[in-house]
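In: Predicted model follows, preceded by the sequence.
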Amino acid sequence: MVFYVIRRLLVAIPTILVLIVLSFLMMHYAPGGPWTSERAFPQAVIDALNAKYGLDEPLWKQVASYVWNIVAHFDFGPSLYYKDRSVSELIAQGFPVTLTYGFWSFVVAVLVGGSLGIAAAVWHNSWLDYLAVGISIGAQVLPNFVMAPILVLVFTLWLGWLPGGGWQGGALPYVVMPVIALSTSFMASIARITRSSMLEVLNAGFIRTARAKGLPMRRIVLRHALKPALLPVISYLGPAFVGMITGSVVIDIYFSTGGIGQYFVNSALNRDYFVIMGVTILTGALTVLFNLVVDILYAWIDPKIRY
Amino acid sequence: MAVLIGGRRARSMPAGRSLWSDARHRFFKNRAAVASLAVLVLVACFAAFGGLAAQWSNEDIDWAVLGDVATMGRPSLETGHWFGTDELGRDLFARVVQGTQISLMVGIVGALISVVVGTVYGAIAGYFGGRLDSVMMRIVDILMSVPYMFVLILLLVIFGRSVFMLFVGIGLISWLDMARIARGQTLTIKHREYVEAALAIGVGPFTIIRRHIIPNLLGVVIVYATLLVPNMIIYESFISFLGLGVQEPMTSWGALISDGASTMQYGTLWQIGFPLFFFTVTLFAFFFIGDGLRDALDPKDR
């Protein structure tokens, strides 16, 4: 087990490093470099800017210092658009917001989706089952950027129950719609996966044995069927995490919540290279680490996995 | 494809029914899939010929409407703005036609790239196996663990935002799943008797892949390609929703939904309604067709 963790780490760490180097090289070879804008700067100004940000040194030195600053000091360089702010400061400001609603979305998606899927499988072909299947088919065509406007239309413009945007330090009314918008499609996927794997498990021999022993249904589901049925769900958590961290960009833009997604898109529109690279690298690293955790979790829960 | 191969098989053994005609039979018994196919044909016709029916171009501003879009820009038959106008007074019908063209094109091109690249990549990795296989699949694993949307946006920012870059970026990520699926299938196919027979008479590896492996992958590949199209459309719409995708005056469903969402507090609900309708209906259709094809072609469920 320890060996397995070490081997996975040996893959994860180079992946992150490659991501950092690649994004730096992309910026370096971009047509015009980071200083392209509507106004063309005189060459002297570009030289001065390059000197200020250390971009006039040999390429290997630039790459090395960029990587070193990130790894050792968590320093992603300066923001070119938000003057006098470093990328790390922007991330420190936006990240807690993203983390808050991201965490709750994850909890809602897993708990609601999981219970819906289990209930649908246990009461197979009941109205509950049809409801769950209906929801999970419908949610396929309702990604977060479609859910968000629909929610605002219904709950803000028609019913007037919830504020249409803002964050206010994470007060409950401001969190509800971002969480629903972000979690719906993942909740549906988790419900679908749980339902089909639960159906499969409930048909297995050991469940029949448990039934034959006369165990109550509740006990069979919770004690015997739940753990094997959740294994496919665990392997879906990695992609779900990627999807949510990507979806947070839409949430930040649409609800003006002030998370890192907002900085990301503004920087993309303003060609603020260091911010885009910083956010890309940070989310990439988080994803790689999260996948690592999921894989270890999976290997730990499923004794059939050999490592 | 199904028709062509079915026809060829039917000549060689007139009494029996081929795999493909069997599959076609099963597909056409699935009512949801057939209805979805009809819907999809209608949407495609709308994209292809809608421009001929439009009374306005997608770039021209109707100055008569501009000051008062909320009342004058309503969908109406008299003004010729059948879907109303957007907040700049441009004809929404023409814009939805154009958005449909772009979105469908992105979806289909993305799926095609994934079919070509992913199938060949997966078939090679699976057929040769060994160290080549583990290196090739390791690369896929690493690429899959990167939040591609951020990288895609980084690409678009660095190399300029254009439809071509969007195709390149979406093509870069779309083949990964397909490569895994194709590899898995290849692993089971390569031990079949006909492959061994081909090996025994001295056929080269690439000829085997081209003549025996890939044709037998097609069923699974077609199913997943159909399910990929809506996902590609969602990716593109996501990027365009953020304003980072196609550039004005071109548009796509995501950009139209974004525009409509930003003006819906003024009561101009048609601006979000029409693009949203086409988006959801098309996605539904693709998912149902994909499901129908899977039931028809996937050997596991027989």
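Out: Done, it's in. Numbering: from 1, shown residues only, chains lettered A, B, ... in the order given.
In: Which residues outside stretch B:233-252 are in contact with it?
Out: A:143, A:145, A:246, A:249-250, A:253, A:265, A:268-269, B:58-59, B:95, B:98-99, B:102-104, B:106-107, B:110, B:149, B:152-153, B:156-157, B:161-163, B:166, B:170, B:173, B:253-255, B:257-258, B:279, B:282-283, B:286 (Cβ atoms under 8 Å, 6 or more residues apart in numbering or on different chains). C-beta coordinates here come from the backbone N, C-alpha and C atoms, glycine included.
In: Just give me the neighbour total for residue A:155.
Out: Residue A:155 is flanked by 18 other residues according to other Cβ atoms under 10 Å in any protein chain shown.
In: Flag the shaky bits of chain A, pLDDT-wise.
Out: Low-confidence segments of chain A (pLDDT under 70): A:31-40, A:305-307.
In: If any of the contacts of stretch B:233-252 are buried, put those into a ChimeraX selection.
Out: Here is the ChimeraX command that selects the buried residues among the contacts of stretch B:233-252 (16 or more other Cβ atoms under 10 Å in any protein chain shown):
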select /A:143,145,246,249,250,253,265,268 /B:58,95,98,99,102,103,104,106,107,110,149,152,153,156,157,161,163,166,170,173,253,254,255,257,258,279,282,283,286
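In: out of the contacts of stretch B:233-252, which are inside strands?
Out: With strands taken from DSSP state E, there is no overlap with the contacts of stretch B:233-252.
In: show me the contacts for the residue lying closest to residue A:302 once chain neighbours are set aside.
Out: If the residues on either side of it in the chain are set aside, residue A:302 comes closest to residue A:231, at 5.6 Å by Cβ to Cβ, 6 or more residues apart in numbering or on different chains. Residues near residue A:231 by Cβ under 8 Å, 6+ apart: A:197, A:298, A:301, A:302.
In: Any chance of a markdown table for the residues you listed, columns neighbour count and secondary structure?
Out: Shown next, in a markdown table, are the contacts of residue A:231 (neighbours: other Cβ atoms under 10 Å in any protein chain shown; DSSP: H, G, I helix; E, B strand; the rest coil):
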| residue | neighbour count | secondary structure |
| --- | --- | --- |
| A:197 | 20 | helix |
| A:298 | 16 | helix |
| A:301 | 13 | helix |
| A:302 | 13 | coil |
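In: Just the closest of those to chain B, please.
Out: Taking Cβ to the nearest Cβ as the measure, residue A:298 is the one of the contacts of residue A:231 closest to chain B, at 14.4 Å.
In: these two touch, right, the closest one and residue A:236?
Out: No - here residue A:298 lies out of contact with residue A:236, judged by Cβ atoms under 8 Å, at a distance of 10.8 Å.
In: joint contacts of the two?
Out: Common neighbours of residue A:298 and residue A:236 (criterion: Cβ under 8 Å, 6+ apart): none identified.
In: Quick check: chain neighbours aside, which residue is closest to residue A:192?
Out: Residue A:192 sits nearest to residue A:136 (Cβ to Cβ, 6+ apart), 4.3 Å away.
In: How much space separates the one you found from residue A:112?
Out: 12 Å (Cβ to Cβ, to the nearest Å).
In: Which one's more surrounded, the two?
Out: Per other Cβ under 10 Å, whichever of residue A:136 and residue A:112 has more neighbours is residue A:136, with 23 against 17.
In: wait, isn't the more buried one in contact with residue A:189?
Out: Yes - between residue A:136 and residue A:189 a contact is recorded at 7.1 Å, counting by Cβ under 8 Å.
In: Please identify the helix or strand for the closest residue to chain A within the stretch 151-300 of chain B.
Out: Of all residues in the stretch 151-300 of chain B, residue B:261 sits closest to chain A, at 3.6 Å by Cβ to the nearest Cβ. For residue B:261, the host element (DSSP states H and E) is helix B:253-263.
In: could you list every residue that touches residue 121?
Out: In the absence of a named chain, chain A is used. Contacts of residue A:121 (Cβ under 8 Å, 6+ apart): A:129, A:194, A:195, A:196, A:198, A:199, A:202, A:229.
In: Let me rephrase: I mean chain B.
Out: Applying Cβ under 8 Å, 6+ apart to residue B:121 gives the contacts B:136, B:140, B:175, B:179, B:182.
In: do you know how far the fourth one is from residue B:217?
Out: As defined by Cβ to Cβ, residue B:179 lies at a distance of 11 Å from residue B:217.
In: So for these two, which residues contact both of them?
Out: In contact with both residue B:179 and residue B:217: B:119, B:122, using Cβ under 8 Å, 6+ apart.
In: what do residue A:136 and residue A:112 both touch?
Out: Common neighbours of residue A:136 and residue A:112 (Cβ under 8 Å, 6+ apart) are residue A:191.
In: for the record, mean pLDDT for stretch B:183-197?
Out: Stretch B:183-197 comes out with an average pLDDT of 88.
In: How about whichever residue of chain A sits closest to chain B, nearest residue that isn't a chain neighbour?
Out: Per Cβ to the nearest Cβ, residue A:149 is where chain A lies closest to chain B, at 3.6 Å. The shortest distance from residue A:149 to any non-neighbouring residue, by Cβ to Cβ, 6+ apart, is to residue B:261 (3.6 Å).
In: show me the residues around the one you found that make contact.
Out: Residue B:261 neighbours (Cβ under 8 Å, 6+ apart): A:148, A:149, A:152, A:254, B:272.
In: What about the fourth one, how many residues nearby?
Out: Residue A:254 is flanked by 27 other residues according to other Cβ under 10 Å.
In: so what's it up against?
Out: Shown in contact with residue A:254 (Cβ under 8 Å, 6+ apart): A:145, A:148, A:149, A:152, A:165, A:181, B:261.
In: repeat that with 10 Å
Out: The contact partners of residue A:254, by Cβ atoms under 10 Å, 6 or more residues apart in numbering or on different chains, come to A:144-145, A:147-149, A:151-152, A:164-165, A:177-178, A:181, A:261-262, B:241-242, B:258, B:261-262.
In: Tell me which helix or strand the residue nearest to residue A:302 sits in.
Out: helix A:226-255.
In: so where's the longest helix in chain A?
Out: The longest helix of chain A (DSSP state H) is helix A:87-122.
In: separation between residue A:99 and residue A:268?
Out: From residue A:99 over to residue A:268 (counting by Cβ to Cβ), the distance is 21 Å.
In: got it, and residue A:146?
Out: Counting by Cβ to Cβ - residue A:146 and residue A:268 are separated by 21 Å.
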